[in-house]
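Engineer: my questions concern the predicted model and sequence given below.
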Amino acid sequence: MSDVFAKCRLPGTYQFVKDLGVYPYYRAIEERPGGAEVLIDGRVLVQAGSNDYLGLSGDDRVKEAAVEATRRLGTGGGGSRLSNGSLALHEELEARLAAFLGRAAAMVTSSGYLANLALAALVGPEDTVIGDRLIHACLIDAVRLGGARLRRYRHNDMDHLERLLGACDPGAGRLIVTEGMFSTSGGVCDLPGIARLARAHGARVALDSAHDVGVLGASGRGAAEHHGLEDAVDVQTVTFSKALGTVGGAVAGPEEIIAYLRHYARSMVFTAALPPACAAAALAALDVVAAEPERRHRLRAAARRLSGELAAMGYGVVPSDRPVMAVPVGDDLLCFRLWRELFDEGVFATAMVAPGVPPGQALVRVSITAAHTEAHLDRIASAFAAARRMRLIPET
Ligand code: PMP
């Protein structure tokens, strides 16, 4: 008989990576001296891995809303939404989100992960979910929890998606799942292609707008608004942990679907309600998203500047106006080493290896926010310039 704990010995590679001094994970932030800086090991670094795209987690109005809600309603709801934990504040947030996203209804969950996991209730063993190769782990977990068949199409490859749709069992329900703005690359989904194929093959479309709400679209409604195709999306999930600066999530869609999820989504029914502070912070953040479009514009300009500079240095970054930049490295250890070089140069980026990205496609992820000043962008650019000494890229 084997011991279930036997698998838990720290994988040799990680010990090796620690011994080399390039282990990038669980680095504790001691202080956050400004919206775009962190104190780690007593050093101030530029935060270059946060999804707080609009810089709202440190915004006084958002913080005040959280503090006031905590004073009034306490630190936790004491139970699940279904039983005794629902607050009028949750309902207010649901109504606001539905109106903001242009959907009939919305259901607030305790995280973005749990919002996507709720999609499990929509599929069963008789259904096929066809997802982009780069979809987030929580969407894959939803398919597993629902027991549906999962097929993956090559990233944004509409010919491949079409083939997979054509190969579905004639009787199978079909759900196409994609992220709006992809979390690892900053690329935007091909919603026009997806909409066309969904119509042709009778498939539903679920859009995970975790990274695009507040960032893309004229009003910040995300990738569907960016493409002018909000009607092509059947259900949209969002998280509050990125542009909205707090924690929590939501599923938005038709009234009857949301009513169904409220009773059948395990990630809704069997977990504690979102704390008042987070619900109030999300509401305040939505006010800022609506009132200050200049944050999005500033963010896009900053992204254009930095991605252009990294590309010009020879890093394989695709220049764009999206705040997420992928610096492809390939090999895990090289990725950790590049991460460490940047860290030593005062920049706290993110090392991404499998399963966060496909195996062999390790990358350093850089994300910027509206809180970054030109001086912060300069520091990120000069850290990458210094890291050229690693000779990962051809010399210019
Ligand atoms: N979807 C995507 C695309 C994500 O990147 C993430 C988290 N990084 C989530 C969902 C989960 O959101 P949360 O962390 O707010 O639970």
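Structural biologist: Ah, there it is.
Engineer: quick one, strands of the stretch 251-396 of the chain?
Structural biologist: Remark: strands assigned in the stretch 251-396 of the chain by DSSP state E, counting those that start in this stretch are 324-330, 347-348, 350-352, 362-367.
Engineer: quick one: residues in contact with the first one.
Structural biologist: Residues from elsewhere that reach strand 324-330 (Cβ atoms under 8 Å, 6 or more residues apart in numbering): 181-186, 211, 303, 306-307, 310, 315-318, 335, 338, 360-368, 384, 392. (Each C-beta comes from the backbone N, C-alpha and C, glycine too.)
Engineer: give me the subset of those residues that lies in helices.
Structural biologist: 303, 306-307, 310, 335, 338, 384 (DSSP state H).
Engineer: of those residues, which is the nearest to G58?
Structural biologist: Of all the ones in helices among the contacts of strand 324-330, G58 sits closest to A303, with 19.6 Å by Cβ to Cβ.
Engineer: and for the closest one, the neighbour number?
Structural biologist: Residues lying near A303 (other Cβ atoms under 10 Å) number 25.
Engineer: do you know the pLDDT at it?
Structural biologist: Reading off the confidence values, A303 has pLDDT 98.
Engineer: closest residue of the chain to the ligand?
Structural biologist: Of all residues in the chain, the one sitting closest to the ligand is G112 (2.6 Å; Cβ to the nearest ligand atom).
Engineer: dump the strands of the stretch 251-396 of the chain to JSON lines, plus distance to H263, mean neighbour count and mean pLDDT.
Structural biologist: Supplementary listing: the strands of the stretch 251-396 of the chain in JSON lines, determined by distance: least, Cβ to Cβ, whole Å; neighbours: other Cβ atoms under 10 Å; pLDDT from 0 to 100:
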{"stretch": "strand 324-330", "distance to H263": "35", "mean neighbour count": "22", "mean pLDDT": "96"}
{"stretch": "strand 347-348", "distance to H263": "42", "mean neighbour count": "24", "mean pLDDT": "98"}
{"stretch": "strand 350-352", "distance to H263": "37", "mean neighbour count": "23", "mean pLDDT": "97"}
{"stretch": "strand 362-367", "distance to H263": "36", "mean neighbour count": "25", "mean pLDDT": "98"}
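Engineer: could you dump those strands to JSON lines with distance to the ligand?
Structural biologist: Converted to JSON lines, the strands of the stretch 251-396 of the chain look like this (distance: least, Cβ to the nearest ligand atom, whole Å):
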{"stretch": "strand 324-330", "distance to the ligand": "10"}
{"stretch": "strand 347-348", "distance to the ligand": "17"}
{"stretch": "strand 350-352", "distance to the ligand": "10"}
{"stretch": "strand 362-367", "distance to the ligand": "11"}
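Engineer: now distance to A281 too, for these, in CSV please.
Structural biologist: Output for the strands of the stretch 251-396 of the chain, formatted as CSV (distance: least, Cβ to Cβ, whole Å):
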stretch, distance to A281
strand 324-330, 22
strand 347-348, 23
strand 350-352, 23
strand 362-367, 20
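Engineer: among the ones you listed, which is nearest C8?
Structural biologist: For C8, the closest of the strands of the stretch 251-396 of the chain is strand 350-352, at 22.3 Å, according to Cβ to Cβ.
Engineer: from the chain's centroid, how far away is that closest one?
Structural biologist: Strand 350-352 sits 14 Å away from the centroid of its parent chain (Cα atoms, centre = their mean, to the nearest Å).
Engineer: so what strands line up beside it?
Structural biologist: strand 362-367 (antiparallel) (DSSP bridges).
Engineer: ok, G35 touching H376?
Structural biologist: No - look at G35 against H376 with Cβ atoms under 8 Å: they stay out of range, at 9.5 Å.
Engineer: pull the CA atoms of the helix or strand bottoming out on mean pLDDT in the chain into CSV?
Structural biologist: When each helix and strand of the chain is scored by mean pLDDT, DSSP states H and E, helix 12-19 comes last, with a mean of 84. Extracted C-alpha coordinates of helix 12-19, given in CSV (Å, rounded to 0.1, in the frame of the first residue of the first chain):
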residue,chain,number,x,y,z
GLY,A,12,13.6,17.9,-6.7
THR,A,13,13.6,20.7,-9.3
TYR,A,14,12.3,23.2,-6.8
GLN,A,15,14.9,22.4,-4.3
PHE,A,16,17.5,22.7,-7.0
VAL,A,17,16.0,26.1,-8.0
LYS,A,18,16.0,27.2,-4.4
ASP,A,19,19.6,26.2,-4.0
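Engineer: identify each buried residue in that helix, please.
Structural biologist: Neighbour counts over helix 12-19 (16 or more other Cβ atoms under 10 Å) mark V17 as buried.
Engineer: about what we covered before: any of the contacts of strand 324-330 buried? List them.
Structural biologist: 181-186, 211, 303, 306-307, 310, 315, 317, 335, 338, 361-368, 384, 392.
Engineer: in the stretch 101-250 of the chain, which spans are strands?
Structural biologist: Using DSSP E, counting those that start in this stretch, the strands of the stretch 101-250 of the chain run over residues 105-109, 127-132, 149-153, 173-179, 204-208, 235-239, 249-253.
Engineer: for S57, find the nearest of those strands.
Structural biologist: Ranking the strands of the stretch 101-250 of the chain by proximity to S57 (Cβ to Cβ) places strand 235-239 first, at 13.0 Å.
Engineer: who does G253 form a beta bridge with?
Structural biologist: According to DSSP bridges, beta-bridge pairing links G253 with A105.
Engineer: ok, the residue nearest to L161 when sequence neighbours are not counted to E37 distance?
Structural biologist: Counting by Cβ to Cβ, 6 or more residues apart in numbering, Y153 is the residue found nearest to L161 once chain neighbours are left out, at 4.2 Å. From Y153 across to E37, the span is 40 Å (Cβ to Cβ, to the nearest Å).
Engineer: of those two, which one has the most company?
Structural biologist: Taking neighbours as other Cβ under 10 Å, Y153 and E37 compare with Y153 leading, 22 against 19.
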